[in-house]
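Trainee: my questions concern the predicted model and sequence given below.
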There are 2 protein chains.
Amino acid sequence: MPPPTPHLLIDAEIAERNHQRLLDYLREHGLCLRAHTKTHKIKKLGELQAGPMSVGLTVAKVGEADVMATVCDDLLLAYPIVDNARAERVAALANQVNIRVAVDSKLAIQTLSDAAGARAVPPEIGILVDMDVGYGRTGVQTPADSLELAQFVDATQHVRLDGLFIYPGHVRGTLDEQTTTLTVVDAKVQQATGLWLEHGLEPAIVSSGSTPSAYHSHLVRAVTEIRPGTYIYNDMNTVRGGYCTIGDCAARLVCTVVSNAVPGQVVIDAGSKTLTMDPSIDGPNAGFGAIVEYPEARIARLSEEHGQVDITNCPNAPQLGERVHVIPNHICPCSNLQNEVWWLDRTVNDEPQRIPVDARGALV
Amino acid sequence: MPPPTPHLLIDAEIAERNHQRLLDYLREHGLCLRAHTKTHKIKKLGELQAGPMSVGLTVAKVGEADVMATVCDDLLLAYPIVDNARAERVAALANQVNIRVAVDSKLAIQTLSDAAGARAVPPEIGILVDMDVGYGRTGVQTPADSLELAQFVDATQHVRLDGLFIYPGHVRGTLDEQTTTLTVVDAKVQQATGLWLEHGLEPAIVSSGSTPSAYHSHLVRAVTEIRPGTYIYNDMNTVRGGYCTIGDCAARLVCTVVSNAVPGQVVIDAGSKTLTMDPSIDGPNAGFGAIVEYPEARIARLSEEHGQVDITNCPNAPQLGERVHVIPNHICPCSNLQNEVWWLDRTVNDEPQRIPVDARGALV
């Protein structure tokens, strides 16, 4: 019997093709990969991403680091650690693998240093200084501020200055649009790395991120490694952004039509606890994902366990009890709602195999 | 050491007070409770809700039913079951406890009947006929359609006609606004139950739901039991809807301020994988929840693990490393993202105790 619905089906061939395509780009431009594993949270995919062209893996949470440390010995925690609870776990893990943390405050640096120093054998925790390049989420605001933090790291025990961290999350759109924005990013990064070198500090790593900008990473000349996450699965937001096609979406939620009692509508067994309320980059009219078999259908409204699908524009209506494949707007939070995925590798087996989402629910 | 952040803190006294307030209303109007456990998914709270005035518990998923069957022997699956995988699990559970299912199709009735019939000792599965009273999600459209399904149940083996199911999810607002809408609902329900009685079928149960309309349930005269879920915790959407106050919110996410590098903003360690992107009923400007200690702050933008808080209107800025309490827009999907909650019952202990979210992630 096929797995019950809703379940997340991963097409291994598509995921591997997405990964190979990125590796080809990286080879062409002499860049390294430090894939963000928060998209899938699966060790098996972490192993793939820790292969050729990789310098390690990226995680958002210490719980994710604990999991990925079993498949990779060089991890970047792309998250500011300012509290003792997290810092102690990071320090413990740093006794086992190489851990680097992206930070934007002296408090974070001091907290990590103290936690490392409190270990029986104090580890050295690598630090990347997070500089805001326009997204406005985290990161010190100026190259001079980045230098100040770099110097503070340099003067602090048990932490090691590894380089600079940027997140160009605001960089989207066509090559022309991205080039305009990335030129500004490039200038700011050049200024920062120049300042560091002037003061005898080497930004050995310049780490950048994001799937939408992944294929333009070389436009920021100092970048040494990139941290895309979504690229491995893709979703409707990467499709609608023009970065891939529906055929490049490796992760699909298999759902059942559970009601057709309301005219012009069917209900699927995936609501906000499966698809999430993450919006479409095309706005609310685009709905909460796309049904592969019914491109004219619109997932118009979600309750927690119901997806109300407007089928008024569909030439053929989905039938009660029918299974459909849904590509969500944003795959990352959907993965995090699944205890397991069903891994379909047709080169090995026609039936999907259940594998756990190892780091699901790692909140800390 | 207090639990690491983000974590969900439950104030037991507030939850119990919310529950008692509802029981007082039910006593006054001679109604019964069948609380929806999807909000909390916790056995301990299911036990409380299965106490006085209760005729059983409501669940959305079979996995939730499996969990709640350990604390209650009368469960309503408020979800259409049309596939064999779910129906077989329902039938197995119906050998142990009294299971009722709300359905809106002959396929659902037949599928459940077949699954029950296939058991060594075929159980009887209770059926509530789901009639749409205006929300437009599931449910047969007319009283005549409800009669047709009721007659089909009556003529089918291994299923038992228990009554009528409605979900007045569209009923919101003030008493006046609700009275207007509920008068229409009442008329439709009277028509349906009248038709059933004319044809010798008794709607012994008329089950209604929703937290916003809970205290006006008696305005639909035939209703015998109600299924509110959110009332036990409350959230910013029940506060903003005018159904309770901030002081009635029993569930709060404890978060840490992890960055203040961007002027006019702090970042908390709760993003869409903690708070969810569920919108505020007051629109996007209301943000993604409220910070109890900083009422002027606005949780303006969420990434997966970052909550960007606009503090430009705050007289005092939250400090880096500080812990704050966040009430989310919609608590139900937030509970579902937590493996455990921290249960604070000051009458017993000043420290919160960890209890598992037993049915978290029950997708099927």
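Mentor: Received the coordinates, thanks.

Trainee: how far away is the residue most central in space within chain A from chain B?
Mentor: Closest residue to the average C-alpha location of chain A: A:Gly229 at 3.1 Å, with Cα atoms, centre = their mean. Here the distance between A:Gly229 and chain B works out to 9 Å (Cβ to the nearest Cβ, to the nearest Å). Just so you know, the C-beta spots here come from the backbone N, C-alpha and C atoms, and that holds for glycine as well.

Trainee: so how far is A:Ala359 from that residue?
Mentor: Relative to A:Ala359, A:Gly229 is positioned 13 Å away (criterion: Cβ to Cβ, to the nearest Å).

Trainee: overlap of the contact sets of those two?
Mentor: Counting by Cβ atoms under 8 Å, 6 or more residues apart in numbering or on different chains, the residues touching both A:Gly229 and A:Ala359 are A:Thr37.

Trainee: and stretch A:122-129, does that touch chain B?
Mentor: No. When contact is scored as Cβ under 8 Å from any Cβ of the partner chain, no part of stretch A:122-129 falls within range of chain B; the minimum is 10.6 Å.

Trainee: circling back: check contacts around the residue nearest to the centre of chain A.
Mentor: Contact partners of A:Gly229, counting by Cβ under 8 Å, 6+ apart, are A:Ala35, A:His36, A:Thr37, A:Lys38, A:Thr39, A:Thr58, A:Gly209, A:Thr211, A:Cys332.

Trainee: mind checking which of those are in strands?
Mentor: With strands identified by DSSP state E, the entries of those that belong to them are A:Thr58, A:Gly209.

Trainee: filter the contacts of A:Gly229 down to the ones in helices?
Mentor: A:Cys332 (DSSP state H).

Trainee: restrict the contacts of A:Gly229 to those near chain B?
Mentor: The residues of those that also fall near chain B, by Cβ under 8 Å from any Cβ, are A:Lys38, A:Cys332.

Trainee: okay, who's weakest in the contacts of A:Gly229 by pLDDT?
Mentor: pLDDT across these is lowest for A:Gly209, at 90.

Trainee: what helices and strands are in contact with the longest helix belonging to chain A?
Mentor: Scanning chain A for the longest helix, with DSSP H as the assignment, gives helix A:175-198. For helix A:175-198, the contact count by 3 or more Cβ pairs under 8 Å, 6 or more residues apart in numbering or on different chains; DSSP states H and E identifies helix A:143-154, strand A:159-165 as packing neighbours.

Trainee: how about the shortest one: buried residues?
Mentor: This points to strand A:159-165. A:Val159, A:Leu161, A:Asp162, A:Gly163, A:Leu164, A:Phe165 (16 or more other Cβ atoms under 10 Å in any protein chain shown).

Trainee: could you work out the most separated pair of the residues you listed?
Mentor: Using Cβ to Cβ, the two most remote members of the buried residues of strand A:159-165 are A:Val159 and A:Leu164, lying 15.0 Å apart.

Trainee: which strands or helices does the top strand by length along chain A pack on?
Mentor: Within chain A, and with DSSP E defining each element, the longest strand by residue count is strand A:251-259. Counting contacts by 3+ Cβ pairs under 8 Å, 6+ apart, the secondary-structure elements packed against strand A:251-259 are strand A:7-11, strand A:265-268, strand A:323-327, helix A:331-335.

Trainee: can you pull out the strands in the stretch 201-350 of chain A?
Mentor: Taking DSSP state E, counting those that start in this stretch as the test, the strands found in the stretch 201-350 of chain A are A:205-209, A:225-227, A:251-259, A:265-268, A:290-291, A:298-302, A:307-310, A:323-327, A:340-344.

Trainee: indicate each strand paired with the first one and its parallel or antiparallel sense.
Mentor: Sheet neighbours of strand A:205-209, with direction, are listed as strand A:159-165 (parallel), strand A:225-227 (parallel) (DSSP bridges).

Trainee: okay if I get these as TSV plus distance to B:Leu363 and mean pLDDT?
Mentor: As requested, the strands paired with strand A:205-209 are exported to TSV (distance: least, Cβ to Cβ, whole Å; pLDDT from 0 to 100):
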stretch	distance to B:Leu363	mean pLDDT
strand A:159-165	35	98
strand A:225-227	29	98
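
Trainee: how about the ones you listed, which one is nearest A:Val262?
Mentor: Judged by Cβ to Cβ, the one of the strands paired with strand A:205-209 that comes nearest to A:Val262 is strand A:225-227, at 43.8 Å.

Trainee: could I get the buried residue list for that closest one?
Mentor: Judged by neighbour count (16+ other Cβ under 10 Å), strand A:225-227 contains these buried residues: A:Glu225, A:Ile226, A:Arg227.

Trainee: can you put those in JSON lines and add distance to A:Gln96?
Mentor: As requested, the buried residues of strand A:225-227 are arranged in JSON lines below (distance: Cβ to Cβ, whole Å):
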{"residue": "A:Glu225", "distance to A:Gln96": "22"}
{"residue": "A:Ile226", "distance to A:Gln96": "25"}
{"residue": "A:Arg227", "distance to A:Gln96": "22"}
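
Trainee: which residues of the stretch 201-350 of chain A lie near chain B?
Mentor: For the stretch 201-350 of chain A, the residues found near chain B under the criterion Cβ under 8 Å from any Cβ are A:256-263, A:265, A:267, A:269, A:272-274, A:276-279, A:301, A:303-306, A:308, A:320-321, A:332-333, A:336-339.

Trainee: among these, which ones are buried?
Mentor: The neighbour-count criterion (16+ other Cβ under 10 Å) marks A:256-262, A:265, A:267, A:269, A:272-274, A:276-279, A:301, A:303-306, A:308, A:320-321, A:332-333, A:336-338 among these as buried.

Trainee: and A:Gln353, what does it touch?
Mentor: For A:Gln353, the contacting residues are A:Trp342, A:Trp343, A:Leu344, A:Asp345, taking Cβ under 8 Å, 6+ apart as the criterion.

Trainee: okay, it: pLDDT?
Mentor: 96.

Trainee: and what of A:Val90?
Mentor: Note on A:Val90: pLDDT of 98.

Trainee: likewise A:Pro2?
Mentor: The predicted structure lists A:Pro2 with a pLDDT of 85.

Trainee: for it, give its distance to chain B.
Mentor: From A:Pro2 to chain B the distance is 8 Å (Cβ to the nearest Cβ).

Trainee: how close does that residue get to A:Ala250?
Mentor: Separation of A:Pro2 from A:Ala250 (Cβ to Cβ): 18 Å.

Trainee: more neighbours: which of the two?
Mentor: Residue environment comparison for A:Pro2 versus A:Ala250 gives the larger neighbour count to A:Ala250, 27 against 12, counting by other Cβ atoms under 10 Å in any protein chain shown.

Trainee: so the more buried one touches A:Ile232, yeah?
Mentor: Yes. Counting by Cβ atoms under 8 Å, A:Ala250 touches A:Ile232, with 6.8 Å between them.

Trainee: list residues touching both of those two?
Mentor: Going by Cβ under 8 Å, 6+ apart, residues that sit against A:Ala250 and also against A:Ile232 are A:Ala15, A:Asn18.

Trainee: any regions of chain A where pLDDT drops low?
Mentor: Segments of chain A classed as low confidence (criterion: pLDDT under 70) are not present in this model.

Trainee: and it, what are its domains?
Mentor: According to automatic domain parsing, chain A comprises the domains A:12-232, A:237-329.

Trainee: how many neighbours does A:Val90 have?
Mentor: The burial count for A:Val90: 24, using other Cβ under 10 Å.

Trainee: and for the helix or strand containing it, what are the contacting residues?
Mentor: Secondary-structure element containing A:Val90, defined by DSSP states H and E: helix A:84-94. Surrounding helix A:84-94, the residues in contact under the criterion Cβ under 8 Å, 6+ apart are A:62, A:65-66, A:69, A:75, A:77, A:81, A:99, A:101, A:111-112, A:114-116, A:118-119, A:122-125, A:364, B:1, B:4-5.

Trainee: just the buried members of these?
Mentor: A residue is treated as buried here by neighbour count (16+ other Cβ under 10 Å); on that basis the buried members of these are A:62, A:65-66, A:69, A:75, A:77, A:81, A:99, A:101, A:111-112, A:114-116, A:122-123, A:125, A:364, B:4-5.
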